[in-house]
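> Sequence isn't available, so here's the structure alone:
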DNA sequence: CTGAAAGCGCTTACAG
DNA sequence: CTGAAAGCGCTTACAG
């Protein structure tokens, strides 16, 4: 079958290769366009890339042929030649976590506006998978990677930086010195939450925290405690409960809290999912929200507004996170290496008052 | 700056180009590996691609050098040469719609398992954007595209098929003859829902539908009506109400329903979001769910189980849809063109009974 | 304003 | 089992 001479004609050789390829190879390349338009491939390329140095009439003719032939440039060839891919990588831990869709949406929106495509992947909270993800992004020669997972492994990140690919992380104080990091500032939101509650008359405020090995949880708890102190609220030991950051954890933590006496008149949770669980437990116990107990969540997920009553919560803007990450990546891409570093973006939180908070029931004052 | 002779040495030339490139070019290529391992690039390539025709000792040496040098192959070059990209495109209408995360997750999971990356994008329900999305996927030379939006434009799809790129659609009966399409079968779920309700004693069942220009809505309504008829349920004209498929639409539709007399003892909605709104309206009107009114949703979104009471709903498996789409794409990719067509996958629905359904209140029997 | 030619980093049929 | 060489489809410095 391959008894051609080595010096087989280009056309024949091309055919030979084509027949081996998957059938999505379209036999339309820049050469066809050039031939048909009666110009060189260089000129076609210039037209495609909007070079001003082409005679308008020539450009017009080329454009017509491109349209006629439905020619679509081959990005692999372009990337190989240009050394960049116009591709960003986005890695999150779990797309099913309702925190992420908004972030992904915003990131993709920004990228698309710049003609950048995004390769998306998730780690499922698996550290080994992070390394695999990073590796594949490096192979794809992406121009930048946003690693928006809560926990990251430095070796995995190095996979990218070793290839000089800009990387931006989310909320990794420990790695801030070495990598660009989007930093969430929790203080404002928690201060506003405590201010809101104390203004309503609450003093017995509980906090539902999460596993202490999660950095973001620890920082939320600290922000809560700082705010409580600022407003003269003393957090009783038994009012600090721990959940698993999911609905179920909120449910069981609330059950525990409801068994206490005195019991808290208000609860702030480390995330909305646990607030949802807490609401369910309160309802099941026959309590009314907010008349019998006030609840404030954290995140402001879409479900927060779908609850009944709608959940008062601390908003953390995923769109701001995405924008910060994207801009940082673009910046790192342009300003080569260390010169002129852009300061790490900070994202602030703030309270959204909805229907799950009200003055405490009067009889609960002891 | 470019006063080199044309016959500049490769090393110099490379440097020259490199300095123009973005700095993510890593100066590590297959040549470096070959040189360091004392073999040809052909051999390195064979080792990377797991060819059996390499002497184990040689392969081992090459692998060591690869590890030492942190060499990562350049996918653009590979793709250009191979004519395929190991890349699938996934387009959805709106990632913030809680219907999609599960689908995306499953699709990406399957792709990753095969060493395929996925370029993800969304149209925001904008038809022009679909064309742009498709075009960009074609430029990326993807090996297949799953178009999981509710409404599609045929011209946009043709952009891909013209380049012989396999495409699979979701729920497009009108295009089934020309393109692979995942077909959702609504009948089972609605039959089970009506059976459940009638068994509980309901006869006055309302249906909350959506805009009639959405194909999937029409098909759900038809499935409801067929099931109702089968169980001898007559749908009063005023029990058929229309919403916007969002929470707000469910709320106002429920308000309308509650003003009716006699009013329905049960409601089935065309999607969960409207069921959530309906629950809110019922709660606001002082009704208890399910004691005063039973509600069944459609989709089985994550929020369905977070409601209080938890929502009984008709489950539509996004994972099955993703699996069907992925398999179809792989199939189309392997069996060239039309030969041996795989039948279009069908995805069935079924009822999940939770807490929002119960026997009707006895006094409501007119 | 335009073209000829080189080269981006791979893979593979062919010839040993 | 291994290497030399061609070519995938682009872009661009250089020379007109």
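Okay, I see it. Everything quoted here is computed from the prediction, not taken from an experiment.

> Show me the helices in the stretch 101-250 of chain A, by range?
Ranges of helices within the stretch 101-250 of chain A are A:127-139, A:154-161, A:187-200, A:215-230, A:247-259, based on DSSP state H, counting those that start in this stretch.

> Would you tell me which of those gets closest to DNA strand C?
Judged by C-beta to the nearest atom of the strand, the one of the helices of the stretch 101-250 of chain A that comes nearest to DNA strand C is helix A:127-139, at 9.0 Å. C-betas here are computed from N, CA, C, even on glycine.

> Skipping adjacent residues, who's closest to residue A:234 in space?
Counting by C-beta to C-beta, 6 or more residues apart in numbering or on different chains, residue A:228 is the residue found nearest to residue A:234 once chain neighbours are left out, at 7.5 Å.

> Can you verify my assumption that the one you found contacts residue A:194?
Yes - Residue A:228 lies in contact with residue A:194 (C-beta atoms under 8 Å); the separation is 5.7 Å.

> Looking at those two, which is more packed in?
When residue A:228 and residue A:194 are compared for neighbours, residue A:194 comes out ahead with 26 against 21, by other C-beta atoms under 10 Å in any protein chain shown.

> who are the neighbours in contact with the more buried one?
If you count contacts by C-beta atoms under 8 Å, 6 or more residues apart in numbering or on different chains, residue A:194 has them with A:205, A:224, A:227, A:228, A:230, A:231, A:233, A:268.

> Just flag the most distant two among the residues you listed.
Spanning the widest gap among these are A:230 and A:268, at 14.2 Å by C-beta to C-beta.

> Of those two, which one has the most company?
Taking neighbours as other C-beta under 10 Å, residue A:230 and residue A:268 compare with residue A:268 leading, 29 against 14.

> what's downstream of the helix or strand containing the more buried one, the next helix or strand?
Per DSSP states H and E, residue A:268 falls inside strand A:266-269. Next along the chain after strand A:266-269, taking DSSP H and E as the criterion, comes helix A:272-284.

> Could you check that following helix against chain B for contacts?
Yes - residues of helix A:272-284 contacting chain B under C-beta under 8 Å from any C-beta of the partner chain: A:276, A:279, A:280, A:283, A:284.

> wait, the second one sits on residue B:306?
No - the pair residue A:279 and residue B:306 fails to qualify as a contact (C-beta under 8 Å) at a distance of 9.1 Å.

> which residues are in contact with both of the two?
By the contact definition C-beta under 8 Å, 6+ apart, residue A:279 and residue B:306 are jointly contacted by residue A:307.

> ok, back up a step: which residues touch the residue nearest to residue A:234?
When contacts are counted by C-beta under 8 Å, 6+ apart, residue A:228 is found next to A:194, A:205, A:234, A:235.

> which among the residues you listed gets closest to chain B?
Of all the contacts of residue A:228, chain B sits closest to residue A:205, with 22.9 Å by C-beta to the nearest C-beta.

> Not counting residues beside it along the chain, what's closest to the closest one?
Closest residue in space to residue A:205, ignoring its immediate chain neighbours: residue A:266 at 4.8 Å, by C-beta to C-beta, 6+ apart.

> gap between the one you found and residue B:294?
Here the distance between residue A:266 and residue B:294 works out to 34 Å (C-beta to C-beta, to the nearest Å).

> more crowded one of these two?
Taking neighbours as other C-beta under 10 Å, residue A:266 and residue B:294 compare with residue A:266 leading, 30 against 25.

> Can you check what pLDDT the model gives the more buried one?
Here the pLDDT value assigned to residue A:266 is 98.

> I'd like the distance from it to chain B, if you could.
Look at residue A:266 and chain B: by C-beta to the nearest C-beta, to the nearest Å, they are 19 Å apart.

> Correct me if wrong: that residue contacts residue A:204.
Yes - at 7.1 Å, residue A:266 counts as touching residue A:204 under the criterion of C-beta under 8 Å.
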